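Novice: Can you look at this prediction? I've put the sequence above it.
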Amino acid sequence: MKLLNRRDFLRFASISGALLLTELTPLNLLQSAYAQKSKEINLTANLTNVDLGNGKPFIAWTYNGQIPGPEIRVKEGERLHVFLKNKLPEETTVHWHGLPVPNVMDGVPYVTQKPIQPGGTFVYEFEASPPGTYIYHSHAHYQLDRGLYGVLIVEPKREERGYDREYVLLLEDWATVDGGGPEASKRGRIQPLMGMMGMMGMMRRGAGGPLQEPLYDAYTINGRVFEASLPFKVKKGDKVRLRIANPSSSTIYTLRIAGHPVTITHADGRPVLPVTVDAVRIGMGERYDVEFIANNPGRWHIYNIRDNSPTSGWLLGTLLYNGITSKNYNADTITTVYKISDYSILEGIDERFFKPVTSVNKAFRVNLSGGMMSPYWTMNGRVYPDSDDISIKQGDRVRIEYFNMSMMAHPMHLHGHFFEVVGTGRVTGVRIKKDTLIIPPHMGRGAVEFIADNPGVWFHHCHNLYHMEAGMANLVKIFS
Ligand code: C2O
Ligand code: CU
């Protein structure tokens with residue numbers, strides 16, 4: 001029988017009510033309650049020949065031979081045991097993106113664990129809480145872009161918003177050479193310049209430098225390009241929930257379902273006051289749960305809006321009503337005037353899991369730059385692991401302000417915590433809980449606050465995989 005560690009015990013105790021630490025006798029009872037609720041998952045990471053449906057098969061890196069990896073769906077409070085087998089030619093780890101797991105289970109190589117060597121196994125073990133839509137993915141090298149990702153859904157004990165049908169939409173960008181990674185990036189590999197950052201990087205990584213984003217040639221929902229996609233089927237009158245997640249390595253989507261505005265109900269798993277939009281902007285690492293009523297029968301495109309123009313997008317999938325036999329797609333009902341989701345129109349709902357951050361006692365500024373004269377991307381002018389740590393104490397109420405001096409957007413992600421977004425662009429007074437926040441380019445800003453309640457050394461980085469690997473990361477150290 002497993003012993004509860006102190007943190008688990010405290011969590012469990014606070015969930016089950018006013019248990020005091022001095023009342024330790026019921027521990028055995030608590031343990032057996034845990035054992036009954038534990039769930040085992042087996043993941044094998046290996047190389048698999050895949051075809052996204054565009055007739056260009058390639059060798060992807062997969063969990064259990066499939067793209068995306070198997071859906072992991074558990075109930076809030078369940079204890080997960082994930083057995084990971086590494087059959088890849090290199091070391092790997094799995095990260096539970098968004099879920100505040102204990103530090104040693106967070107899956108960041110050389111930060112929270114020794115990576116799992118080829119042929120090796122590792123058991124990840126944590127409690128699935130709070131409920132929400134999450135992503136699991138490799139956190140080693142460029143493996144995420146090669147296909148090592150899947151969705152992790154924690155269902156609430158009691159579903160507060162009923163629905164008739166639910167679909168998961170995982171959006172992914174591909175270079176159909178090796179998914180995206182060293183092969184795909186060959187043409188894009190840039191030599192470091194001899195500037196300051198270049199010198200620093202060359203000493204650290206050797207010549208060659210980090211990879212540039214590949215030239216993607218395929219975009220998929222759930223591993224299939226539009227031409228090979230399976231329609232999402234609905235019945236007239238259905239209330240439909242979509243869990244949209246973006247495990248792409250460097251694509252921000254503006255997702256639109258022709259003929260259907262959608263209502264955002266959750267951002268990064270956290271509930272928000274429902275807001276209806278025509279399209280959902282979703283950065284790498286972000287998740288949105290949305291709902292709509294199927295009240296517009298037909299065959300409709302699901303597509304990505306490019307350059308703010310609904311008529312110039314790229315097609316991703318199909319929404320199809322039962323009984324529709326015509327192969328023709330209905331024309332979208334919007335042309336130019338439409339509402340895209342934006343953090344400033346979202347408002348969080350209070351939850352029993354979270355205390356709001358009141359009176360910040362530590363504040364940090366993070367300047368994001370790079371990409372101009374150098375292949376490196378920086379935080380406060382430095383490249384990870386030479387970047388400055390953010391060192392704080394457990395219980396600190398922390399504020400991080402981001403300034404984006406570069407010409408690209410950066411979805412910033414903090415491990416182990418949800419933060420409250422308190423500012424975005426030039427808008428202040430926002431209050432939504434998230435774990436990933438896009439900082440817009442060209443002097444764009446963002447501010448987040450969180451309570452440092454999960455001790456350990458946590459990774460904090462841009463979720464553009466190529467920016468992360470090129471240095472835009474640091475450590476948030478929370479001492480207990
Ligand atoms: Cu989803 Cu550190 O990442
Ligand atoms: Cu970035």
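Specialist: Here it is on my side, so go on. Numbers count the residues shown, from 1 in each chain. Ligands and ions are numbered 1, 2, ... in the order given.
Novice: can you pull the contacts of G132?
Specialist: G132 makes contacts with 98, 153-154, 266, 268-270, 287, as judged by CB atoms under 8 Å, 6 or more residues apart in numbering. No exception for glycine: its C-beta is placed from N, CA and C like everyone else's.
Novice: Oops, could you answer that again for N222 instead?
Specialist: 68, 168-170.
Novice: tell me the two of the contacts of G132 that are most distant?
Specialist: I153 and R270 (14.2 Å; CB to CB).
Novice: Who has more neighbours out of the two?
Specialist: R270 (25 against 21; other CB atoms under 10 Å).
Novice: Just the pLDDT for the more buried one.
Specialist: Model confidence at R270, given as pLDDT, is 97.
Novice: now do R352
Specialist: Reported pLDDT for R352: 81.
Novice: How many residues are close by it?
Specialist: 8.
Novice: Closest residue of this protein to ligand 1?
Specialist: H97 (3.6 Å; CB to the nearest ligand atom).
Novice: In three-state terms, label Y466 for me.
Specialist: helix (DSSP: H, G, I helix; E, B strand; the rest coil).
Novice: list the contacts for it?
Specialist: With CB under 8 Å, 6+ apart, Y466 has these contacts: 210-213, 249-250.
Novice: Go again with 6 Å.
Specialist: Going by CB atoms under 6 Å, 6 or more residues apart in numbering, Y466 touches 213, 250.
Novice: need the residues of this protein near ligand 1, please.
Specialist: 95, 97, 137, 139, 285, 413, 415, 459, 461, 463 (CB under 6 Å from any ligand atom).
Novice: mind saving the C-alpha coords of the strand or helix carrying L84 as PDB?
Specialist: If you go by DSSP states H and E, L84 is part of strand 79-86. Output in PDB follows, covering the C-alpha atoms of strand 79-86 (Å, rounded to 0.1, in the frame of the first residue of the first chain):
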ATOM      1  CA  ARG A  79      -5.500   8.800  -8.900                       C
ATOM      2  CA  LEU A  80      -3.600   8.200 -12.200                       C
ATOM      3  CA  HIS A  81      -0.800   5.700 -12.600                       C
ATOM      4  CA  VAL A  82       0.700   6.200 -16.100                       C
ATOM      5  CA  PHE A  83       3.300   3.600 -17.200                       C
ATOM      6  CA  LEU A  84       5.400   5.100 -19.900                       C
ATOM      7  CA  LYS A  85       7.600   2.900 -22.000                       C
ATOM      8  CA  ASN A  86      10.300   4.600 -24.100                       C
END
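Novice: if we can go back for a sec, just send the contacts of N222 back as TSV, with neighbour count and pLDDT too.
Specialist: Below are the contacts of N222 laid out as TSV (neighbours: other CB atoms under 10 Å; pLDDT from 0 to 100):
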residue	neighbour count	pLDDT
P68	24	98
V168	20	98
L169	22	98
L170	23	98
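Novice: coming back round to it: tell me the one of the residues of the chain next to ligand 1 nearest ligand 2?
Specialist: H463 (7.4 Å; CB to the ion).
Novice: which residues touch the closest one?
Specialist: Applying CB under 6 Å, 6+ apart to H463 gives the contacts 284-285, 411, 413, 436.
Novice: Next: G323.
Specialist: Contacts of G323 by CB under 6 Å, 6+ apart: none found.
Novice: Next, name the residue at the spatial heart of the chain.
Specialist: G285 (2.5 Å; CA atoms, centre = their mean).
Novice: That one: what's it in contact with?
Specialist: G285 neighbours (CB under 6 Å, 6+ apart): 411, 413, 436, 463.
Novice: and the helix or strand where the second one lies, what's its mean pLDDT?
Specialist: With elements delineated by DSSP H and E, H413 resides in strand 410-414, which encompasses its position. What strand 410-414 shows for mean pLDDT is 98.
Novice: swap in stretch 234-249?
Specialist: Here stretch 234-249 scores 98 as its mean pLDDT.
Novice: returning to what we had before: the contacts of N222 into CSV, with extra columns for distance to A60 and secondary structure?
Specialist: Below are the contacts of N222 laid out as CSV (distance: CB to CB, whole Å; DSSP: H, G, I helix; E, B strand; the rest coil):
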residue, distance to A60, secondary structure
P68, 11, coil
V168, 19, strand
L169, 19, strand
L170, 14, strand
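Novice: picking that back up, can you classify the residue nearest to the centre of the chain as helix, strand or coil?
Specialist: Under three-state DSSP, the three-state class of G285 is coil.
Novice: swap in F364?
Specialist: Applying three-state DSSP: F364 is strand.
Novice: how close does it sit to N380?
Specialist: F364 is 9 Å from N380, where distance means CB to CB, to the nearest Å.
Novice: wait, K85 sits on N42?
Specialist: No - if you go by CB atoms under 6 Å, K85 and N42 don't touch, sitting 7.5 Å apart.
Novice: Pull up the pairing partners for the strand holding H413, direction included.
Specialist: strand 436-439 (antiparallel), strand 456-462 (antiparallel) (DSSP bridges).
Novice: can I get the ones you listed in TSV with distance to T428 and mean pLDDT?
Specialist: Converted to TSV, these look like this (distance: least, CB to CB, whole Å; pLDDT from 0 to 100):
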stretch	distance to T428	mean pLDDT
strand 436-439	14	98
strand 456-462	22	98
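Novice: Tabulate those strands (TSV), appending distance to L47 and mean neighbour count.
Specialist: Below are the strands paired with strand 410-414 laid out as TSV (distance: least, CB to CB, whole Å; neighbours: other CB atoms under 10 Å):
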stretch	distance to L47	mean neighbour count
strand 436-439	29	24
strand 456-462	26	23
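Novice: In CSV: those strands, plus distance to D389.
Specialist: Formatted as CSV, those follow (distance: least, CB to CB, whole Å):
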stretch, distance to D389
strand 436-439, 20
strand 456-462, 8
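Novice: TSV please, covering the ones you listed and showing distance to ligand 2.
Specialist: Shown next, in TSV, are the strands paired with strand 410-414 (distance: least, CB to the ion, whole Å):
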stretch	distance to ligand 2
strand 436-439	8
strand 456-462	3
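Novice: out of the ones you listed, which comes closest to I392?
Specialist: So among the strands paired with strand 410-414, strand 456-462 is nearest, using CB to CB, at 10.3 Å.
Novice: Just the C-alphas of the closest one, formatted as CSV.
Specialist: Included here for strand 456-462 are C-alpha records, laid out as CSV according to Å, rounded to 0.1, in the frame of the first residue of the first chain:
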residue,chain,number,x,y,z
GLY,A,456,9.4,22.9,-6.4
VAL,A,457,11.3,24.1,-9.4
TRP,A,458,9.0,24.8,-12.3
PHE,A,459,9.5,25.4,-15.9
HIS,A,460,8.2,28.7,-17.4
HIS,A,461,8.5,29.3,-21.1
CYS,A,462,7.1,30.3,-24.5
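Novice: Run a quick neighbour tally on A228.
Specialist: 13.
Novice: which secondary structure element contains the nearest residue to it once chain neighbours are set aside?
Specialist: Among residues not flanking A228 along the chain, G53 sits closest, at 2.2 Å (CB to CB, 6 or more residues apart in numbering). Using DSSP H and E, G53 falls within no helix or strand.
Novice: Quick one: residues contacting the closest residue to ligand 2 within the stretch 101-250 of the chain.
Specialist: Ranked by CB to the ion, the top residue of the stretch 101-250 of the chain for proximity to ligand 2 is S250, at 8.2 Å. When contacts are counted by CB under 6 Å, 6+ apart, S250 touches 213, 464, 466.
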